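my questions are about this predicted structure, shown below with the sequence.
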Amino acid sequence: MEPTEEGFYSFSSQNSRELTEEDNEKLAKQTNISDFKERKLELEARKNWDKFYNRNKNNFFKDRNWSSEDLKIICPDIDFEKEIKYLEAGCGVGNMLFPLVAEIPKLKLFAFDFSDNAVKMLEERAKELGLSVATAVVDLSIPSISSPFEEQVDLATLIFVLSAIHPDKMQIAAENMRNLVKIGGSVVVRDYGINDHAMIRFGREARISDRFYVRQDGTRAYYFDLEELCGIFEKAGFRCERKEYLHRMTINHQKNLKAPRIFVQARFIREN
Ligand SMILES: C[S@@+](CC[C@H](N)C(=O)[O-])C[C@H]1O[C@@H](n2cnc3c(N)ncnc32)[C@H](O)[C@@H]1O
């Protein structure tokens, strides 16, 4: 585990991290919210993300500048010199899509999110940049959605999206992704992993169910076990081509704080 830059190291593995005694103490103090509040959060999921984007505009998530290099490693067989139909599913304001197309200009772009505000902000940025992006407002957790686009894509990404969906509806989301991607096409997922620092840090009255939490602003986050993530996509008709936990340690020397971030990352290929 060599530092890759000051205060930061990074590696990937097939295992998440072991919990420390301190982590276990923090987890033991977490308590569940009521069933009533859980149902309310589900009913208001779209509204809460819409409010999130209204409040934060496009300033919250940073452009994911790792996107093109990482995608080329995850999908070495895809020829990015050719036109590739690429969909950012759960696009937010396009923090994956914009840096990606800056590096891979031949991408044909598609994007959707269930937050109207997010999609509007993405459209504005696309217009400023003179980029053509087919956009739609789509809720991935509704069974059997019909594709808002005329064509199925070669490659789709779900970046920190599935974790925002209720675990009971993740299977539906994966099945919907199958309809959006052509046979042989890929879905690349990056999301929060079990035992991530942020999962341990939640306090009382924030746990909805096992590894599923609500933030102060009403948005939710699930922390995945890698095998569980693969199971969801395999059941939806995908083959898992690659899977890993990504380990990142951010260190604040001044405050003497360490934040061991854990993400899951996988590539699924539509089989039939
Ligand atoms: C953490 S943000 C990530 C946004 C973007 N992918 C990125 O990398 O910055 C999660 C996104 O998922 C969207 N989302 C949550 N549930 C969704 C659903 N059921 N259908 C479509 N989008 C959803 C939210 O509106 C939000 O934009």
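Received, thanks. Residues are numbered from 1 along each chain as shown.

is the residue of the stretch 1-150 of the chain at minimum distance from the ligand in a helix, a strand, or coil?
Nearest residue of the stretch 1-150 of the chain to the ligand, counting by CB to the nearest ligand atom: Gly92, 3.0 Å away. (C-beta placed from N, C-alpha, C; glycine too.) At Gly92 the chain is in coil, as set by DSSP: H, G, I helix; E, B strand; the rest coil.

for it, which non-adjacent residue is spatially closest?
Ala118 (4.9 Å; CB to CB, 6 or more residues apart in numbering).

what of Cys230?
Here the residue nearest Cys230, using CB to CB, 6+ apart, is Cys240, at 4.5 Å.

element containing the residue nearest to Gly92?
In this structure, Ala118 sits in helix 116-129 according to DSSP states H and E.

figure out how far the helix or strand following that helix is from the centre of its chain.
As assigned by DSSP H and E, the chain's next helix or strand after helix 116-129 is strand 133-137. When distances are taken as CA atoms, centre = their mean, to the nearest Å, strand 133-137 is centred 18 Å away from the chain's centroid.

strand 133-137 pairs with which strands?
Sheet pairing for strand 133-137, assigned by DSSP bridges, gives strand 108-113 (parallel).

just the angle between the strand it pairs with and helix 116-129, please?
For strand 108-113 against helix 116-129, the angle by axes from the mean of the first three to the mean of the last three CA atoms, to 10 degrees is 150 degrees.

how far away from the center of its chain is strand 108-113?
How far strand 108-113 lies from its chain's middle: 15 Å, per CA atoms, centre = their mean.

looking at it now, give me its mean pLDDT.
In this model, strand 108-113 carries a mean pLDDT of 98.

partner residues bridging the nearest residue to Ala126 once chain neighbours are set aside?
Of all residues not flanking Ala126 in the chain, Val133 sits nearest, at 4.5 Å (CB to CB, 6+ apart). Residues in a beta bridge with Val133, per DSSP bridges, are Leu109.

shift numbering so it begins at 170
With the count now opening at 170, the last piece we talked about shows up as Val302.

now do Val302 against Ala280, distance only.
With distances taken as CB to CB, to the nearest Å, Val302 is found 6 Å from Ala280.

who has more neighbours out of those two?
Taking neighbours as other CB atoms under 10 Å, Val302 and Ala280 compare with Ala280 leading, 26 against 23.

can you pull the contacts of the residue nearest to Gly261?
By CB atoms under 8 Å, 6 or more residues apart in numbering, the residues touching Ala287 are 218-219, 222, 260-262.

and the two most separated of these?
Using CB to CB, the two most remote members of these are Asp219 and Cys260, lying 14.1 Å apart.

which one's more surrounded, these two?
Cys260 (29 against 17).

contacts only, for the nearest residue in space to that one that is not next to it in sequence.
Residue nearest to Cys260 in three dimensions, not counting chain neighbours: Ala280, with 3.9 Å by CB to CB, 6+ apart. Neighbouring residues of Ala280 by CB under 8 Å, 6+ apart: 256-258, 260, 263, 266, 288, 291, 302-305.
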